[in-house]
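>>> got a sequence here, can you model it:
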Amino acid sequence: MALNTIPYIAADGVILVNDGAALAYTVAYEEGDFSISGMREGDYSVELFRDRGDIFAARRIQQEPVSVSFSAILTEIHDGAEQTFADVFTKAPLGAWAAATSTLAAAGDVWSCKVTLTLDTSGLPSGGDSGTIVLEHFIPEDVSISEGTPAKVTVSGMAIPFGGTAAWVLT
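Numbers count the residues shown, from 1 in each chain. Below is the predicted model:
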């Protein structure tokens, strides 16, 4: 298969969030600033061993999370009936996501969800392609709201490798 020569742009992306059961939320009015860092082979950190400054060995030590963030234009802070960005990532006590099931359900008391970024240029006249980044266990660590024109809501956190599932999967 030939390499896709059509660059992805913000308009090509869609972010979908799922809980561990049946809830789904497509991020609305998102900025197109999805960021993931710390991706590495097998999610493992590497330790270098030195003999008086010269590296003589490298070993995989332990699995590590990757850092993830993205934002959206703020159109509503909270709604007991409708899904909002802040409700989903804080598992707000009112509304559909209050009863959301963590993707780490049996493994502790931490709220985690599945986040999928899909980038798709296949509908363009010249063809294109699509690809996804799937984070099976995303743990939101910070949800921030900032005033401005426009007002924004941002989530940052970590995706963790867990139960034989990598922190991130590319398709």
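>>> where's residue 34 relative to residue 81, distance?
Separation of residue 34 from residue 81 (CB to CB, to the nearest Å) stands at 27 Å. No exception for glycine: its C-beta is placed from N, CA and C like everyone else's.
>>> need the three-state assignment for residue 115.
Going by DSSP: H, G, I helix; E, B strand; the rest coil, the secondary structure assigned to residue 115 is strand.
>>> shouldn't it be in contact with residue 159?
Yes: with contact defined as CB atoms under 8 Å, residue 115 reaches residue 159; the gap is 7.4 Å.
>>> what sits in contact with each of the two?
Here residue 115 and residue 159 have 68, 135, 138 as joint contacts, going by CB atoms under 8 Å, 6 or more residues apart in numbering.
>>> and which of these is nearest to residue 14?
residue 135 (14.3 Å; CB to CB).
>>> and the closest residue to the closest one other than its chain neighbours, how many neighbours?
Using CB to CB, 6 or more residues apart in numbering and skipping the chain neighbours, the partner closest in space to residue 135 is residue 159 (3.8 Å). Neighbours of residue 159 under the rule other CB atoms under 10 Å: 27.
>>> any idea how far residue 159 is from residue 66?
Counting by CB to CB, the gap from residue 159 to residue 66 is 5 Å.
>>> between the two, which contacts overlap?
36, 135, 167, 168.
>>> ok, and the most crowded of those?
For these, neighbours tallied by other CB under 10 Å; top is residue 135, 27 neighbours.
>>> what about the closest residue to residue 30 other than its chain neighbours, which SS state?
What sits nearest to residue 30 in space, not counting adjacent residues and going by CB to CB, 6+ apart, is residue 72, at 4.3 Å. For residue 72, the assignment made with three-state DSSP gives strand.
>>> wait, the residue nearest to residue 135 touches residue 138, no?
Yes: counting by CB under 8 Å, residue 138 is a contact partner of residue 159 at 4.8 Å.
>>> hmm, who's touching the helix or strand bottoming out on mean pLDDT in the chain?
In the chain, the helix or strand scored least confidently by mean pLDDT, DSSP states H and E is helix 85-90, which has a mean of 88. Outside helix 85-90, the residues that touch it by CB under 8 Å, 6+ apart are 17, 25, 27-28, 72, 74, 77-79, 92, 94-97, 100, 113, 140, 143, 145, 153, 155.
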